[in-house]
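**Q** Whatever this is, show me its structure:
(2 chains)
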Amino acid sequence: MHVRLLIKIKEDIFGKLGLVLMALFIFSALILPFIFHDTESHSQTIFGPPSSGHILGTNDVGQDIFSRLIHGTRTSVFVAVGAGFLSTLISTFVGVSAGIIGGIYDKILMRLVDALLVIPTIVILILTASYINPGVWVLTLLISLLYWQGGARVIRSQTLSLKERMHISAARTFGAGRWYIIFRHIIPDLGPILVVSFIHRARMAVFMEAGLAFIGIADPLMISWGMMMHHALKFYYLPVWKWWLIPPGVALSLLIISFAFLGYSLEKVLEPRLRNA
Amino acid sequence: MLEISKLTVSYGGRKIIKELDLRLNKGKILSIVGESGTGKTTLAHSIMGLIKERSENGLIQGEILLDGNDINKMSKEELRIIRWSKLSLVFQNVEDALNPVYTILDQVKEPLLEKNDRESEAKAIYMLEMVGFPVHRAKAYPHQLSMGEKQKALIAMAFVCDPEVVILDEPTSAMDVISKESVIKLLKTLCKDRTALLITHDLTTAASLSDNMAILYGGCIVELAPTSLLLSEPGHPYSRGLIRSYPDMDRTKDLQGIKGTPEFIENGCPFHRRCTQSIDICKDKRPRLIAGNHPDRYIACHRGGIVPLLEVRGLVKSFGDFKAVDSVDLTLFEGETLTLVGESGAGKTTLAKTIMGLLEITDGEIYLEGEKMKGNAFHRRIQMIFQNPGESISHRLNIFEAVEEPLRIQGIGSKDDRFIAVRKVLSDVQLLTDDEFLKRYPHELSGGEAQRIVIARALVLNPKLIIADEPTSSLDASVQAKIMKLLNNIQEERGLSILFITHNIALARKISDRIAVMQSGKIVKRGSSSKILEDYYKTDDNHTILGS
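**A** As a prediction, this is how the structure comes out:
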């Protein structure tokens, strides 16, 4: 099976939509913060409605809501990419090494995975976060450390099947060593699965980060959508919620939707039985 | 008795016969077999003492002892006396050997003329009768006779003086099967108490007429052995090549030739340029004829004849308590195809994978060219062709990358060298080599093309041994035919040994030198393919060969 992922995804309506949204978010995370850089200065007006100076008005201390929304995008995308990457990395390391080495090493790791799968990790996350009030980096690390087990299991079973494949046997008969097999064959062959796993972890990380910020146990200095909603909700009785609460909510939903669409479309592309004729 | 030692004959500085030693015993027929230009007729003529007379620049050295007297040292007169009476020759060229203006009878009695004319005529008639020549035509002229009759007349001429030593130079060439048979029968009886030397390129004649056989190549005897042994188990690569190129009712494998063309080689083994197992010493030093691996066999080869490439001794591979391969012994010679047949689950693929190092050995040893196999270093010399071509090429690699991979893993050559190597091997397997094709992916190829890619990939390391596990089972017959032909040609060119695994007996019959039958992890039968198949034909069901 040889699939050109990007081309196939573009043919799918969900994939296309997901890609467009994702591109938009990445653009606003990378470029826009340089234009709307003023997130801290307190203007004279508090709870100001949208105006030429403040597109979405100002918050309780007179900060520009739009700038904070843009910077929140950066946080969300960073956590998504960071945690998605890191947890996929851990899953890959654990899954591939367990699949290749096998034996007692495999058994120990898989029991650990079993344990992590049954423990409600969200509770651990909330408890830990409430103690340390994590910033972006720590939060990313924390999410990654707690959400690699599912991927590891899938990757391990795929590795087990892959290592018996004939082209891997063929490479071994050319004299290839273990490292060559892993890096030149198994990991590239796992590629599609890794991409899907990355997308799913990323989506979950966005949700987790927003959730933790929303319940107020993340670093209070962090600018994030969850944090914005957390603060905005305190002023639900004022008309300001329209441009303070709704925009981060919508942005969050759209980002999660774009990840979901991408994941859905990827699975469809990679699983031939789901492909339309 | 005739003894030749260190005979060297050269024409114009070119050695046609090189230090040849040979001993002919009474009552035995020795055949000298070789292709044209290897010096067969020169040898016959030098025994007859004809070299000096025939060619001015012919130079002859060494000894040819006939009952202790050296023919080379004899004067013309002495030679004249022993010729025909002690030493006679059945000439090769029927047309030229007979004088067109004398009758047959006159020519047959000519060697006897010193005696009384009537007596000699009676003897000539008797001789003609004995060889089955129609006596009423004894007064005919050669042009009035058929080829067979002329040949018989020549035989009568050679035997009429009751010689001790007879040299038969292609006595049956240009004859049809039936007259050939009768001539062979006749020669057999005539040569009973004589010393006879048969010179021929015809293996069938040599097989039915001679007791011992010597294979001549480039003026040297490369192998000397009892005829049946030499034909069934040739020891020298050239002998095998010659036998393989010769159509034979028993051999089932397709005809194969010998790579290259005969050329004149002054030093070193005369066969080294065409030999697939030659090493450095073969270039510089001419091997002597010495005792080979069988008590009656003599071989002139620095490597002691055809090398056993792969030796498997007492190999066991078990999965838990189940022995998938149970004490298997196997020897595969250089340039040979050995087919493993057996029903599914007999352990064929497990055996192949174990030899290949894909599975750990439970017990036993595997040697490749005499070295014990261990680790990855052997993969340059031993490669595998897998059953399903589509799966054995990674779908992520394009054709160039797939074929280049073994070279890259082994770290051979620069990128440019590898590019050249890949293109060469692709053209060897008759695939395209243009850039567009090299960039294609395996799923864009047909099954036959993909299998050829797999073969190319296995060949790119230039291995000595290929293990082919059902390489054609998923292919159409026409593609299968092409691929098998290709493998046969590569075997001819490079001396590739093939361990072929199949359950298709008909295919095994066409491609293998030997067949081994495997059943529940053991080799239950093995032998030359014709022998194994003989048993197969005798029985009604396939179970004898693919079962109990």
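
**Q** Up against chain B, what does the stretch 51-200 of chain A have?
**A** Residues of the stretch 51-200 of chain A lying close to chain B (Cβ under 8 Å from any Cβ of the partner chain) are A:165-167, A:169-177, A:180, A:185, A:188-189. Heads up, the C-betas are built off the backbone N, CA and C, glycines and all.

**Q** what about 6 Å?
**A** By Cβ under 6 Å from any Cβ of the partner chain, the part of the stretch 51-200 of chain A that sits against chain B consists of A:166-167, A:169-170, A:173-176, A:188.

**Q** quick one: which of those sit in helices?
**A** Judged by DSSP state H, helices contain the following of those: A:166-167, A:169-170, A:173, A:188.

**Q** Using CSV, write out every CA atom in stretch A:179-196.
**A** C-alpha atoms of stretch A:179-196 as CSV (Å, rounded to 0.1, in the frame of the first residue of the first chain):
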residue,chain,number,x,y,z
TRP,A,179,18.9,-0.2,14.0
TYR,A,180,18.7,-0.1,10.2
ILE,A,181,15.5,-2.1,10.3
ILE,A,182,13.9,0.1,13.0
PHE,A,183,14.8,3.5,11.5
ARG,A,184,14.6,2.7,7.8
HIS,A,185,11.7,0.2,7.7
ILE,A,186,9.6,-0.1,10.9
ILE,A,187,9.3,3.6,11.8
PRO,A,188,8.6,4.8,8.2
ASP,A,189,6.1,2.0,7.8
LEU,A,190,4.4,3.1,11.0
GLY,A,191,4.2,6.6,9.6
PRO,A,192,0.5,6.7,8.9
ILE,A,193,-0.3,5.4,12.3
LEU,A,194,2.0,7.9,13.9
VAL,A,195,0.4,10.7,12.1
VAL,A,196,-3.1,9.6,13.2
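
**Q** Against chain B, how distant is A:Phe66?
**A** Distance, A:Phe66 to chain B, using Cβ to the nearest Cβ, to the nearest Å: 45 Å.

**Q** Weed out the non-buried ones from the residues of the stretch 51-200 of chain A next to chain B.
**A** Neighbour-count burial within these applies to A:166-167, A:169-170, A:173-176; the criterion is 16 or more other Cβ atoms under 10 Å in any protein chain shown.

**Q** Low-confidence regions, chain A specifically.
**A** A:1-5, A:37-43, A:271-277 (pLDDT under 70).

**Q** Can you find which helix in it contains the most residues?
**A** Per DSSP H, chain A has its longest helix at helix A:65-101.

**Q** List the buried residues for it?
**A** Neighbour counts over helix A:65-101 (16+ other Cβ under 10 Å) mark A:65-88, A:90-92, A:94-100 as buried.

**Q** List the buried residues for the helix or strand that that helix is followed by?
**A** Using DSSP states H and E, the helix or strand that directly follows helix A:65-101 along the chain is helix A:103-118. Buried positions in helix A:103-118, judged by neighbour count with 16+ other Cβ under 10 Å: A:106, A:109-110, A:113, A:116.

**Q** same question, stretch B:366-381
**A** B:366, B:368-369, B:373, B:378-381.

**Q** again, but for stretch A:206-225
**A** Going by neighbour count (16+ other Cβ under 10 Å), the buried part of stretch A:206-225 is A:206-214, A:217-219, A:222-225.

**Q** Take these and keep only those in helices.
**A** Counting by DSSP H, those contribute A:206-214, A:225 to helices.

**Q** Among those, which one lies nearest to chain B?
**A** Chain B has its nearest neighbour among those in A:Val206, at 30.8 Å by Cβ to the nearest Cβ.

**Q** Pull the contacting residues for that closest one.
**A** For A:Val206, the contact set (Cβ atoms under 6 Å, 6 or more residues apart in numbering or on different chains) comprises A:76, A:80, A:255-256.

**Q** ditto for B:Gln92
**A** B:Gln92 makes contacts with B:169-170, as judged by Cβ under 6 Å, 6+ apart.

**Q** Repeat the analysis, applying 10 Å as the threshold.
**A** Neighbouring residues of B:Gln92 by Cβ atoms under 10 Å, 6 or more residues apart in numbering or on different chains: B:40-41, B:44, B:154, B:168-171, B:173-174, B:199-200.

**Q** So which of those residues sit within strands?
**A** Using DSSP state E, the subset of those located in strands is B:168-169, B:199-200.

**Q** Kindly reformat these as a markdown table containing neighbour count, pLDDT and distance to chain A.
**A** Converted to a markdown table, these look like this (neighbours: other Cβ atoms under 10 Å in any protein chain shown; pLDDT from 0 to 100; distance: Cβ to the nearest Cβ, whole Å):
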| residue | neighbour count | pLDDT | distance to chain A |
| --- | --- | --- | --- |
| B:Leu168 | 29 | 89 | 53 |
| B:Asp169 | 23 | 87 | 53 |
| B:Ile199 | 25 | 90 | 49 |
| B:Thr200 | 23 | 89 | 46 |
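
**Q** now the strands for the stretch 301-450 of chain B?
**A** Using DSSP state E, counting those that start in this stretch, the strands assigned to the stretch 301-450 of chain B run over residues B:308-319, B:322-333, B:337-341, B:363-368, B:371-372, B:382-385.

**Q** Could you check the angle the second one makes with strand B:308-319?
**A** It refers to strand B:322-333. 180 degrees (axes from the mean of the first three to the mean of the last three Cα atoms, to 10 degrees).

**Q** Show me what strand B:322-333 is packed against.
**A** strand B:308-319, strand B:337-341, helix B:348-356, strand B:363-368, strand B:497-502, strand B:514-519, strand B:522-528 (3 or more Cβ pairs under 10 Å, 6 or more residues apart in numbering or on different chains; DSSP states H and E).

**Q** Determine which residue lies closest to the centroid of the chain.
**A** In the absence of a named chain, this looks at chain A. Against the mean C-alpha coordinate of chain A, by Cα atoms, centre = their mean, the closest residue is A:Ala202 at 1.4 Å.

**Q** I was thinking of chain B, sorry if that wasn't clear
**A** By Cα atoms, centre = their mean, chain B has its centre lying nearest to B:Arg240, at 2.3 Å.

**Q** count of neighbours near residue 6?
**A** Picked chain A for this. 10 (other Cβ atoms under 10 Å in any protein chain shown).

**Q** ah, no, chain B please
**A** If you count neighbours by other Cβ under 10 Å, B:Lys6 ends up with 11.

**Q** Remind me which helix or strand it belongs to.
**A** Counting by DSSP H and E, B:Lys6 is part of strand B:2-11.

**Q** Let me know the average pLDDT across that strand.
**A** Mean pLDDT, strand B:2-11: 86.

**Q** Can you tell me which helices and strands that strand packs against?
**A** Looks like strand B:2-11 contacts strand B:14-24, helix B:40-47, helix B:51-54, strand B:58-66, strand B:195-200 (3+ Cβ pairs under 10 Å, 6+ apart).
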